[in-house]
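J.: any chance you can model this:
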Amino acid sequence: MKKRRLVLKVGSAVLTEQNRIAKERMRNLVDFIATLMQQNYEIILVSSGAVAAGYTNIKLDKKEVSNKQALASIGQPFLLSNYARKFSNHSILVSQVLLTADDFDSRKRTNHAKNAIDALLKNSVLPIVNENDVTATEELLFGDNDQLSAYCAFYFDADMLVILTDIDGYYDKNPKESSDAKIYKYLNEIDKNELKQSHSPNTDFATGGIVTKLKSADFLLQKNMATFLSSGFDLTYAKDFFINKHHTKGTLFIPSHQKPQEYLS
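T.: Alright, predicted model coming up:
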């Protein structure tokens, strides 16, 4: 049986709490990924949280680019060591993959990255991807891991992108402001006006918001690929979808020629 390859992106809103790593949520995430790997999935994890992890150790003003780069440099090994320790409880070996937008502009460099990812997955190693904030110039930065994860899904031949965040799906209006907001379970296209909205990160360490997630989903829809947006705070819905094969909540962005059941079989 062919393994399904998922790019799973988790943001700072999920991984951090009160300026530090949210250990319980990280542990729940690790347990979820371990279960997926046991159930014939290949996982590429795109993880935010390096700057927040760095801030745990030294309080620098992250509004300054050099300080943010320094925090990422301090936090990246700290974040990875947390992952490595937790995944070791499941006998899963992790690796670090740092990328910039430039790595996807060169066919040669993209192939090198893909070959490395393929080799890691073939040997049941979990690649943990993040943007290389430390050395990349501003024009080479994605600026948010939502876009990076969409590129990883497309260029690394994933079957799907999964975005775990601080909301449980995409609504017709802001559920924090409107009690009658309704969640979209399926969408074949995204209103272009929604993609033009300003970014609205929900934490001090987040760089995106719902708009960057919609842009990532839209990018993949144009490539005939699907995205599942769900809660990273409560993984029940993601577990239902990928393990129990039942779509209880969360938004599936899916090309119009595909059927939702294809992803639940």
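J.: what segments of this protein are helices?
T.: Along the chain, the segments classed as helices by DSSP state H run 12-15, 23-38, 50-57, 65-88, 107-122, 145-155, 192-195, 210-222, 236-242.
J.: now those helices as a markdown table including mean neighbour count and distance to Thr251?
T.: The C-beta positions use only the backbone N, C-alpha and C, and glycine is treated the same way. Listed next are the helices of the chain as a markdown table, based on neighbours: other Cβ atoms under 10 Å; distance: least, Cβ to Cβ, whole Å:
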| stretch | mean neighbour count | distance to Thr251 |
| --- | --- | --- |
| helix 12-15 | 25 | 16 |
| helix 23-38 | 17 | 18 |
| helix 50-57 | 23 | 26 |
| helix 65-88 | 18 | 27 |
| helix 107-122 | 14 | 26 |
| helix 145-155 | 25 | 14 |
| helix 192-195 | 10 | 13 |
| helix 210-222 | 22 | 8 |
| helix 236-242 | 19 | 10 |
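J.: and those: which comes nearest Lys3?
T.: Lys3 lies closest, by Cβ to Cβ, to one member of the helices of the chain: helix 107-122, at 8.2 Å.
J.: so how far is the closest one from its chain's centroid?
T.: 19 Å (Cα atoms, centre = their mean, to the nearest Å).
J.: kindly report the same for stretch 146-157.
T.: With Cα atoms, centre = their mean, you get 9 Å for stretch 146-157.
J.: same thing with stretch 2-15?
T.: 5 Å.
J.: buried set for that stretch?
T.: Arg4, Arg5, Leu6, Val7, Leu8, Lys9, Val10, Gly11, Ser12, Ala13, Val14, Leu15 (16 or more other Cβ atoms under 10 Å).
J.: separation between the fifth one and Lys182?
T.: It refers to Leu8. 26 Å (Cβ to Cβ, to the nearest Å).
J.: one more: the second one?
T.: For Arg5, the distance to Lys182 under the criterion Cβ to Cβ works out to 32 Å.
J.: again, but for Phe32
T.: Separation of Phe32 from Lys182 (Cβ to Cβ) stands at 27 Å.
J.: then Lys114?
T.: Lys114 sits 39 Å away from Lys182, going by Cβ to Cβ.
J.: need the contact list for the residue sitting furthest away from the middle of the chain.
T.: Centroid-distance maximum for the chain: Asp180 at 28.2 Å, with Cα atoms, centre = their mean. The contact partners of Asp180, taken as Cβ atoms under 8 Å, 6 or more residues apart in numbering, are Lys173.
J.: look up how far Asn174 lies from it.
T.: Applying Cβ to Cβ to Asp180 and Asn174 gives a distance of 11 Å.
J.: ok, now Ser256?
T.: According to Cβ to Cβ, Ser256 stands 26 Å off from Asn174.
J.: just Ser106 next, same as before
T.: From Ser106 to Asn174 the distance is 40 Å (Cβ to Cβ).
J.: next one: Phe104
T.: From Phe104 to Asn174 the distance is 32 Å (Cβ to Cβ).
J.: looking at these two, which is more packed in?
T.: Higher neighbour count among Phe104 and Asn174: Phe104, with 17 against 11, using other Cβ atoms under 10 Å.
J.: what's near enough to touch that one?
T.: Thr110, Tyr151, Tyr155.
J.: what's the pLDDT at it?
T.: With respect to pLDDT, Phe104 scores 88.
J.: and it, how far from Leu220?
T.: Where Leu220 is concerned, Phe104 sits at a distance of 14 Å (Cβ to Cβ).
J.: so the nearest residue to Thr56 once chain neighbours are set aside bridges to which residues?
T.: Computed as Cβ to Cβ, 6 or more residues apart in numbering, the closest residue to Thr56 that is not its neighbour in sequence is Arg20, at 4.7 Å. Assessed by DSSP bridges, Arg20 has beta-bridge partners Glu17.
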